[in-house]
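# I need the structure of the sequence given here:
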Amino acid sequence: MAKKIVDYISGLEIEGGKEEVEATQPFSKMLVEDYGYPKDIIQTRPQFRIKKAPSSIKEDYPLDICIFENNQKLKEELKIIIECKSPDLKTGKTQLENYLQLTSASLGVWFNGNESLYLVKSVDDNKKSFKFKEIYTFPKYGDDL
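Numbering: from 1, shown residues only. Now for the predicted structure:
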């Protein structure tokens with residue numbers, strides 16, 4: 001059983017599993033201390049959840065870190081998602097693309113504690129297909145993508 005730790009963003013006591021200790025908590029701290037994002041627009045715990053598909057009713061997929069436009073944290077104002085689960089890049093990229101397609105977020109990050117990938121989502125005029133472009137730096141708070 002993992003020992004309990006305090007979530008950097010929410011202040012809640014959570015299970016300190018490998019993913020939390022090596023990726024989620026370090027990236028949360030970087031968001032605030034290195035990139036200047038206010039804690040009140042970030043959600044880690046309780047985890048924000050999304051539907052498995054647009055037609056689904058239940059919101060089953062938990063997202064590790066979400067950044068919103070403001071502190072109301074509305075689903076349609078989700079700007080950035082950070083996924084810290086998958087240990088390898090190929091699996092992480094696929095999962096991140098799926099999550100971006102199911103949300104309003106325009107930037108997705110995959111981070112495993114050592115490596116990272118940043119994807120910007122664009123949608124065609126008919127809102128039927130998505131394109132993903134890799135970028136090489138993460139924007140500071142207030143910067144454009």
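# rest of the way, CA atoms for contacts and neighbours
OK.
# Would you mind identifying the next helix or strand past the longest strand seen in the chain?
Looking across the chain with DSSP state E, the single longest strand is strand 116-123. Going down the chain from strand 116-123, the next helix or strand is strand 130-135, by DSSP states H and E.
# Export that next one to PDB, keeping only CA atoms.
Extracted in PDB, the C-alpha atoms of strand 130-135 (Å, rounded to 0.1, in the frame of the first residue of the first chain):
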ATOM      1  CA  PHE A 130      -8.700  16.800 -35.300                       C
ATOM      2  CA  LYS A 131      -5.100  17.500 -36.100                       C
ATOM      3  CA  PHE A 132      -2.300  17.500 -33.500                       C
ATOM      4  CA  LYS A 133       0.900  19.400 -33.700                       C
ATOM      5  CA  GLU A 134       3.800  18.800 -31.400                       C
ATOM      6  CA  ILE A 135       5.400  21.900 -29.800                       C
END
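# distance of the nearest residue to K51 once chain neighbours are set aside from S10?
Nearest residue to K51 in three dimensions, chain neighbours excluded: E59, at 4.1 Å (C-alpha to C-alpha, 6 or more residues apart in numbering). Look at E59 and S10: by C-alpha to C-alpha, to the nearest Å, they are 21 Å apart.
# got it, and S106?
Taking C-alpha to C-alpha, one finds S106 at 23 Å from S10.
# Looking at those two now, which is surrounded by more residues?
Neighbour count, other C-alpha atoms under 10 Å: between S106 and S10, S106 has more, with 18 against 14.
# quick one: that one and F130 touch, right?
No. Under the criterion of C-alpha atoms under 8 Å, S106 is not in contact with F130, lying 10.6 Å apart.
# what touches both of those two?
Residues touching both S106 and F130 by C-alpha atoms under 8 Å, 6 or more residues apart in numbering: 121-122.
# By mean pLDDT, flag the weakest helix or strand of the protein.
Here the helix or strand of the chain ranked lowest by mean pLDDT, DSSP states H and E is strand 59-63, holding a mean of 83.
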